[in-house]
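Novice: how would this look folded up:
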Amino acid sequence: MSRGKKQLRIYEVWRQLRKNKFAMAGMVIIILLALVTIFADQLAPYHFETADFSASFARPSAEHPLGCDKLGRDTLSRVIYGARTSLQIGLGATVIATVVGVVLGAFCGYYGGWIDTIFMRFLDIFQSIPNLLFSIVLAASLGVGVKNAIIAVGITSAPLFARMIRGSIMQIRGSEYIEAARSINARDPRVIIKHIIPNAISPVIVQITMKIGSAIIYGATLSFIGLGAQPPTAEWGAMISEARNYIRNYPALIMYPGAALMICVLAFNLFGDGLRDALDPRLKN
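Specialist: This next block holds a predicted model:
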């Protein structure tokens, strides 16, 4: 595809995306979350570790707009810093899943035959285990911590991308431009990287935006049960876990990180839905 055609394609996708108000709202929220993550040190009134025991369970005030937790730590500051940790888990796990899945799926989809059969049966066994349960098992095996949570969630999400890219490649591997590349003795890695993956990547791009949201939820779940972010690190799932014992008397301690988690995941899902519609030529006017 020439550069001009690529630019025209991007413009058409953007034009379709702008028509979807929910997708644009999701994109705006994602941009705001990214800015909050980048400038957390400047936006947060306090550091997430700063404790003032005299302000334990303090109600919302000018000094602490969202109140304080049991240790007197500012809730607003911890929600802001929690965005950084939660997005780190979501993005990191999705990158791992995408790289592993695309490489494996491209390999199987291009060569097919017994190679494809062996790997696909292996993925069948892999996917027979619920993703969340598998993530918990991997995280427990690797050890607690944010990095291991990212690896666990990323590995368990890779089969989805592998199957998706494999299906796309199997549809286009017999195309004329692929045969033309082979006819000039282009090596297989070049054919896969330069010709096949760029033309089969559209559904993967959509899945990436939606998978970030589910990866954030999985990361929050691991932190909630003690396998992800560890105290005093601020992370939405860990904050909910710490506040669950005080839900009757101080429900706001759970509501704030819970609302942040919900809005974040909803934003990625809305944007992913809109991007899917924009990339699907059957839905264009």
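Novice: just checking, what packs against the helix or strand hosting Ala93?
Specialist: Ala93 belongs to helix 75-111 when assigned by DSSP states H and E. Judged by 3 or more C-beta pairs under 8 Å, 6 or more residues apart in numbering; DSSP states H and E, the packing partners of helix 75-111 are helix 21-38, helix 40-43, helix 113-127, helix 146-172, helix 197-200, helix 202-224, helix 236-243, helix 252-279. Quick note: C-beta positions are derived from backbone N, CA and C, even for glycine.
Novice: Recalculate using a threshold of 7 Å.
Specialist: The contact analysis (3 or more C-beta pairs under 7 Å, 6 or more residues apart in numbering; DSSP states H and E) places helix 75-111 against helix 21-38, helix 40-43, helix 113-127, helix 146-172, helix 202-224, helix 236-243, helix 252-279.
Novice: ok now the last one, how far from the chain's centre?
Specialist: Its chain's C-alpha centre lies 11 Å from the corresponding centre of helix 252-279 when counted by C-alpha atoms, centre = their mean, to the nearest Å.
Novice: likewise stretch 267-282?
Specialist: With C-alpha atoms, centre = their mean as the basis, the mean position of stretch 267-282 lies at 15 Å from the chain mean.
Novice: pLDDT averaged over that stretch, what's the number?
Specialist: Stretch 267-282 shows a mean pLDDT of 82.
Novice: in that stretch, what's buried?
Specialist: Within stretch 267-282, the residues scored as buried using 16 or more other C-beta atoms under 10 Å are 267-279.
Novice: before we move on, the earlier item: could you check the angle helix 21-38 makes with the helix holding Ala93?
Specialist: Angle, helix 75-111 to helix 21-38, by axes from the mean of the first three to the mean of the last three C-alpha atoms, to 10 degrees: 110 degrees.
Novice: Give the buried residues for helix 75-111.
Specialist: Result for helix 75-111 [16+ other C-beta under 10 Å]: buried residues 75-94, 96-98, 100-110.
Novice: Could you do stretch 117-125 as well?
Specialist: Within stretch 117-125, the residues that count as buried by 16+ other C-beta under 10 Å are Phe119, Met120, Leu123.
Novice: What sits closest to the second one if chain neighbours are left out?
Specialist: On the basis of C-beta to C-beta, 6 or more residues apart in numbering, the spatially nearest residue to Met120 that is not a chain neighbour turns out to be Cys108, at 6.5 Å.
Novice: so who does the one you found touch?
Specialist: By C-beta atoms under 7 Å, 6 or more residues apart in numbering, Cys108 lies in contact with Ile115, Asp116, Phe119, Met120, Arg166.
Novice: how about Ala186, secondary structure?
Specialist: Of the three states, Ala186 takes coil under DSSP: H, G, I helix; E, B strand; the rest coil.
Novice: tell me the pLDDT at it?
Specialist: Each residue has a pLDDT score; the one for Ala186 is 73.
Novice: What's the local residue count around it?
Specialist: Per other C-beta atoms under 10 Å, the neighbour tally for Ala186 reads 15.
Novice: how close does it sit to Gly237?
Specialist: Using C-beta to C-beta, to the nearest Å, Ala186 is found at 47 Å from Gly237.
Novice: Repeat that for Ala83.
Specialist: Counting by C-beta to C-beta, the gap from Ala83 to Gly237 is 12 Å.
Novice: coming back round to it: looking at the helices and strands packed on helix 75-111, which is closest to Val191?
Specialist: For the helices and strands packed on helix 75-111, proximity to Val191 was assessed by C-beta to C-beta; helix 146-172 is nearest, at 10.7 Å.
Novice: Quick one: mean pLDDT for whichever helix or strand comes after that closest one?
Specialist: Downstream of helix 146-172, the first helix or strand assigned by DSSP H and E is helix 176-183. In this model, helix 176-183 carries a mean pLDDT of 74.
Novice: Send me helix 176-183 as PDB with only the CA atoms.
Specialist: Provided in PDB are the C-alpha atoms of helix 176-183 (Å, rounded to 0.1, in the frame of the first residue of the first chain):
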ATOM      1  CA  GLU A 176      -1.600 -11.700  -5.400                       C
ATOM      2  CA  TYR A 177       0.700  -9.300  -3.700                       C
ATOM      3  CA  ILE A 178       1.900 -12.100  -1.400                       C
ATOM      4  CA  GLU A 179       2.600 -14.300  -4.400                       C
ATOM      5  CA  ALA A 180       4.400 -11.500  -6.100                       C
ATOM      6  CA  ALA A 181       6.700 -11.000  -3.200                       C
ATOM      7  CA  ARG A 182       7.400 -14.700  -3.200                       C
ATOM      8  CA  SER A 183       8.100 -14.700  -6.900                       C
END
